[in-house]
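A.B. asks: from the sequence below, what's the structure:
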Amino acid sequence: MRAPRSLTVMLGMAALTATALAPVTQAADTQPATGSFTFITANGILPTWSSDELVIIGVSPGSVETPATNTKAKVTLPVVARTGSAVAAAGGFRINNIDTNQTFRCSSPTIDVRANVVDCVTIGGTNAALFAITSTAQRTRITGSSTVTDIYRGMTLRLNGQRMADMLNSALSVATFSPSVTVATADLVVTQNR
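C.D. replies: Numbering: from 1, shown residues only. Got it, this is the predicted structure:
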């Protein structure tokens, strides 16, 4: 025996109403945070870049420090927010080819400790998962009365695949970049309210 048409319509509407009223799973909220993302270029990286006329420059409020020996560069970016496992930094860095005046810019990097990538906004306004975090030596969480601090030490950074290496090589007219080479070792310190 078939249910009357009006009953079928009412049951269908009840199902739609129940679906509409069901709790929606929301994405993690973005919270203000402080701290820093710092990376130091690996042995041989800066001399190789220098031989190809490449320099790395900080984008404010980020900074780059290079010793007189020109063997390593230290990039420091302030942390400004956290959304789940993704940590947003301010500023960025540029790699310039001083011979051709070409540049690659990594702005507003996001360090995702679950996805193990460092994502950048490039000059064209598109996102690029520039670095892969291939390992992290140490993870620590310090819980205070009103804040939580997560510390990630010894994060190994490599270019995130051949596509990213090709993007840099093309943008800077060089054949310097490869995904098989460790580019830097990084530390991330993030503090936010509980």
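A.B. asks: any weak-confidence spans in this structure?
C.D. replies: Applying pLDDT under 70 to the predicted model, the residue ranges of the chain that meet it are 1-27.
A.B. asks: ok, 80 please
C.D. replies: Of all residues in the chain, those with pLDDT under 80 make up the ranges 1-28.
A.B. asks: regarding it, what is its longest strand?
C.D. replies: Among all segments of the chain classified by DSSP state E, the strand with the greatest residue count is strand 127-143.
A.B. asks: list of residues touching stretch 56-66?
C.D. replies: Contact partners of stretch 56-66, identified using Cβ atoms under 8 Å, 6 or more residues apart in numbering, comprise 41, 46, 49, 72-78, 89-96, 105-107. In this view, the C-beta of every residue, glycine as well, is placed from N, C-alpha and C.
A.B. asks: all strands for this protein, in order.
C.D. replies: Using DSSP E, the strands assigned to the chain run over residues 30-32, 34-41, 54-59, 63-65, 74-83, 86-89, 92-97, 102-112, 117-121, 127-143, 147-159, 182-193.
A.B. asks: so which bits of stretch 97-104 are buried?
C.D. replies: Residues of stretch 97-104 classed as buried by neighbour count (16 or more other Cβ atoms under 10 Å): 97, 102, 104.
A.B. asks: out of those, which is nearest to residue 149?
C.D. replies: Ranked by distance to residue 149 (Cβ to Cβ), the buried residues of stretch 97-104 are led by residue 104 at 32.0 Å.
A.B. asks: now the closest one: how far from residue 77?
C.D. replies: Using Cβ to Cβ, to the nearest Å, we find residue 104 at a distance of 16 Å from residue 77.
A.B. asks: repeat for residue 114
C.D. replies: As defined by Cβ to Cβ, residue 114 lies at a distance of 19 Å from residue 77.
A.B. asks: just want to know which of those two has more residues nearby.
C.D. replies: Shown here are residue 114 and residue 77; by other Cβ atoms under 10 Å, residue 77 has more neighbours (27 against 8).
A.B. asks: for that one, give the beta-bridge partners.
C.D. replies: Beta bridges link residue 77 to residue 37, judged by DSSP bridges.
A.B. asks: so what's it up against?
C.D. replies: Contacts here follow Cβ under 8 Å, 6+ apart; on that basis residue 77 touches 36-38, 61-62, 89-93, 109.
A.B. asks: next: residue 92.
C.D. replies: Here residue 92 is in contact with 58-59, 62, 77, 105-109, 120-121 (criterion: Cβ under 8 Å, 6+ apart).
A.B. asks: out of the residues you listed, flag the one nearest to residue 187.
C.D. replies: Relative to residue 187, and with distances defined as Cβ to Cβ, the nearest of the contacts of residue 92 is residue 77, at 11.3 Å.
A.B. asks: separation between the closest one and residue 190?
C.D. replies: For residue 77, the distance to residue 190 under the criterion Cβ to Cβ works out to 12 Å.
A.B. asks: what is in contact with the two at once?
C.D. replies: In contact with both residue 77 and residue 190: no residue, using Cβ under 8 Å, 6+ apart.
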